[in-house]
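**Student:** build me a model from this:
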Amino acid sequence: MKIQVVYAKPDQQSIVELDVPDGTTVFEAAVQSGLANQFPEIDLDTTPMGIFGVRVKTATTTILHPGDRVELYRSLLVDPKESRRTRAESQKRDRS
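**Tutor:** This next block holds a predicted model:
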């Protein structure tokens, strides 16, 4: 079955099309894609993964379906909660 594995950085994206056997997991597809060799910051044991924008809890047991797009997610540079808090504090100061 045909699937895609994708990884994107702010300035670059990579899409790998694979033909994998039925029963292939998200993790297995990520390994087969070779993206971890192309992008040294990817650690497949810790990198969050998803299918069509929905994060999977266990990449090692989630089975793929024909046409699925596996996504490898980058780590967040800033905690979203902290970013909102900082923005709110800045807006309060601007109003004063």
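
**Student:** can you give me the strands for this protein?
**Tutor:** Using DSSP state E, the strands found in the chain span residues 2-9, 12-19, 49-51, 54-55, 69-72.

**Student:** so for residue 41, which of the ones you listed sits nearest?
**Tutor:** Closest approach to residue 41 among the strands of the chain (Cβ to Cβ): strand 2-9, 8.6 Å. To be clear about C-beta, it is placed using only N, CA and C from the backbone, and glycine gets the same treatment.

**Student:** quick one: the nearest residue to residue 27 once chain neighbours are set aside from residue 19, how far?
**Tutor:** In space, and not counting its chain neighbours, residue 27 is closest to residue 59: 4.1 Å by Cβ to Cβ, 6 or more residues apart in numbering. Remark: distance between residue 59 and residue 19 (Cβ to Cβ, to the nearest Å) = 20 Å.

**Student:** next one: residue 54
**Tutor:** Distance from residue 54 to residue 19, by Cβ to Cβ: 23 Å.
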